[in-house]
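**Q** Next one to model:
(4 chains)
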Number of protein chains: 2
Amino acid sequence: MPLCIPALIRKMESVFTLTEDERQVLETLPMQVMVIKDDQDIVRMGDRPSRSCLILSGFAATYKVTAGGKRQIVSFAIAGDIPDLQSLHLKTLDTSIATISTCRVGFIQHEALRDICLRYPRIGAALWRETLIDAAIFREWVMNVGQREAYQRMAHVLCELLVRLRAVGLAEDHACDLPITQAEFADALGITTVHVNRVLQQMRADGLIVSKGTQIKIPDWDKLKQAGEFDPAYLHLESDQAA
Amino acid sequence: MPLCIPALIRKMESVFTLTEDERQVLETLPMQVMVIKDDQDIVRMGDRPSRSCLILSGFAATYKVTAGGKRQIVSFAIAGDIPDLQSLHLKTLDTSIATISTCRVGFIQHEALRDICLRYPRIGAALWRETLIDAAIFREWVMNVGQREAYQRMAHVLCELLVRLRAVGLAEDHACDLPITQAEFADALGITTVHVNRVLQQMRADGLIVSKGTQIKIPDWDKLKQAGEFDPAYLHLESDQAA
DNA sequence: CGCGCACTTGAAGGCGCTCAACATTGGTGG
DNA sequence: CCACCAATGTTGAGCGCCTTCAAGTGCGCG
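**A** Residues are numbered from 1 along each chain as shown, chains lettered A, B, ... in the order given. Here you go, the predicted model:
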């Protein structure tokens, strides 16, 4: 079942050029592909999976739930991401991962990944690097939620999403499809749905965003970046797509 | 300059037993040791270091600063931690790391680490694992700062610190030395110093903590855990020290 | 066409902030 | 050994961002 994983390969190739061998291995990676409807858990906190999930298309969210039942989304996953790659070395999952839109997901056995890491150390390092970038995103989110006000937080998350989508070719210039509800933004930003709504209205009034359905456009990228104090350095994109 | 790094070895041995060879390699790891006074930056955001720093003793903090000058501590580092191990695969640092108390720090060349990872894949995996646990801690902090109230946040961070200190043998039962100021807690929890003070007073009144100087005692561990909704699963300690 | 989900709006209140002063502690030098 | 100073911790009053609660509106889909 040879399957193409262009977004992941694209990310790796931005750091170093894959040899023919390495590319071959990645493109023929044994992978069980499933289509999963929106709002379904892909994996759950406490699971001890023997495989990791590669997002092939769609949006997913990594989240945790407090004892009191409040949900915190700790990151969004898009095409090319492997949000539970950690499970390769950590037996038990400490987060759940759910689809936000309908997703195509590829499940890859840990065994296969471990084998590749040993035989192709550069791919192993690249996978390690992916988990380190995830960690960098978490750090930035701690900052976002801890130190910035709601308006800034929203601007920041929008900036991050746009830059990451551009990096895998899912956003033209300054517009993209964002099938994320206000309730989901609320859980990601640590504020209420009501407040997300008011913040978005303010941002529209300020000319920071224009949205129709799930489509969103950024009329003035610099203005949005400034509003969110956004510096893409933490995303560790080699090719600077931070125009 | 063969130097003992017991806390790191202790952490690794809790997952798998090191061979004589592996232990030997770790114990003779070339390392430049420095003593650094409190409130000094060890590395700074934007640096492109060619080495990582292993905390041998003392407390350090990883932090970021907003454009407006507000500081967010994203994690505390204690003995056995390598808070910038990420720099092994990410060229540019996206955080700064500062000492909180006087620290003994060992600097290890990336070259040496990369070499060990190739020659001793199990040590490589163990180091990868360490960075994954860091990521898990960041995730929990996003949750802590995003969803919990100040009182819970403080209880949660205290629980985490005590459990982590116990794991490396730096805390007896339910007491330890915590040279962390209220201002530093404020930066870690995303609240003001003033509010940290009031929360701590309330916690003392509630019998959750007893403190003299930098010494802190937890009279009722279960009560503190409950107050902070603390579940140590995210720390991925194999030996369950969550009494 | 109507059901459900997402989005919107208003009013009242609370958690934590700001500002500003004061108390205490520990370390240092005379 | 004490006097001093700076850093840390403490306290009070007023305010604001965001919450809570509750009642809507709009829209996509079966």
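**Q** which non-adjacent residue is nearest A:Q86?
**A** B:L132 (4.6 Å; C-beta to C-beta, 6 or more residues apart in numbering or on different chains). Just so you know, the C-beta spots here come from the backbone N, C-alpha and C atoms, and that holds for glycine as well.
**Q** Likewise for A:A125?
**A** B:H89 (5.9 Å).
**Q** Would you agree the one you found is in contact with A:T131?
**A** No. In this structure B:H89 lies outside contact range of A:T131 using C-beta atoms under 8 Å: 9.2 Å.
**Q** picking up where we left off before, surely the residue nearest to A:Q86 is in contact with A:L132?
**A** No. When contacts are counted by C-beta under 8 Å, B:L132 is not listed as touching A:L132 (9.3 Å).
**Q** For chain A, which segments count as strands?
**A** Assigned by DSSP state E, the strands in chain A fall at A:32-36, A:41-43, A:51-57, A:60-65, A:71-77, A:96-99, A:103-109, A:171-172, A:175-177, A:210-212, A:215-217.
**Q** Tell me which of those strands sits nearest to B:R71.
**A** Each of these has some distance to B:R71 by C-beta to C-beta; the shortest is strand A:71-77, at 21.0 Å.
**Q** Compute the inter-axis angle for the closest one and strand A:60-65.
**A** Counting by axes from the mean of the first three to the mean of the last three C-alpha atoms, to 10 degrees, strand A:71-77 points 160 degrees away from the direction of strand A:60-65.
**Q** what about strand A:71-77, near DNA strand D?
**A** No. Residues of strand A:71-77 are not located near DNA strand D by C-beta under 7 Å from any atom of the strand, the shortest gap being 11.7 Å.
**Q** Which secondary structure elements does that strand sit against?
**A** When contacts are defined as 3 or more C-beta pairs under 8 Å, 6 or more residues apart in numbering or on different chains; DSSP states H and E, strand A:71-77 packs onto strand A:60-65, helix A:121-147, helix A:182-189, helix B:121-147.
**Q** 6 Å - rerun?
**A** strand A:60-65, helix A:182-189, helix B:121-147 (3 or more C-beta pairs under 6 Å, 6 or more residues apart in numbering or on different chains; DSSP states H and E).
**Q** That one pairs with which strands?
**A** Strands that pair with strand A:71-77, judged by DSSP bridges, come out as strand A:60-65 (antiparallel).
**Q** buried stuff in the strand it pairs with?
**A** A:60-64 (16 or more other C-beta atoms under 10 Å in any protein chain shown).
**Q** which residues of chain A score low on pLDDT?
**A** A:1-4, A:240-243 (pLDDT under 70).
**Q** what sits against the residue most central in space within it?
**A** Centroid-nearest residue in chain A: A:A77, 2.7 Å away (criterion: C-alpha atoms, centre = their mean). For A:A77, the contact set (C-beta atoms under 6 Å, 6 or more residues apart in numbering or on different chains) comprises A:55, A:60, A:83.
**Q** what residues are up against the closest residue to A:S101 other than its chain neighbours?
**A** What sits nearest to A:S101 in space, not counting adjacent residues and going by C-beta to C-beta, 6+ apart, is A:P179, at 4.1 Å. Remark: with contacts taken as C-beta under 6 Å, 6+ apart, A:P179 is in contact with A:59, A:101, A:214.
**Q** Repeat that for A:I5.
**A** No contacts exist for A:I5 under C-beta under 6 Å, 6+ apart.
**Q** how close does it sit to chain B?
**A** For A:I5, the distance to chain B equals 20 Å [C-beta to the nearest C-beta, to the nearest Å].
**Q** Would you check how far apart that residue and A:D81 are?
**A** 11 Å (C-beta to C-beta, to the nearest Å).
**Q** now do A:V196
**A** 23 Å.
**Q** if we can go back for a sec, quick check, nearest of the buried residues of strand A:60-65 to chain B?
**A** When these are ranked by distance to chain B (C-beta to the nearest C-beta), A:K64 comes first, at 4.8 Å.
**Q** The closest one and A:D94 touch, don't they?
**A** No. The criterion here is C-beta atoms under 6 Å, and A:K64 misses it with A:D94 at 7.5 Å.
**Q** Up against DNA strand C, what does chain A have?
**A** Counting by C-beta under 7 Å from any atom of the strand, chain A comes close to DNA strand C at A:39, A:181-183, A:193-194, A:197-198, A:200-201.
**Q** Return the subset of the residues you listed lying in helices.
**A** Among these, the ones falling in helices (DSSP state H) are A:182-183, A:193-194, A:197-198, A:200-201.
**Q** buried subset of those residues?
**A** Burial by neighbour count, 16+ other C-beta under 10 Å: within these this picks out A:L200.
**Q** domain parsing for chain A?
**A** Per automatic domain parsing, the structural domains of chain A span A:6-140, A:148-235.
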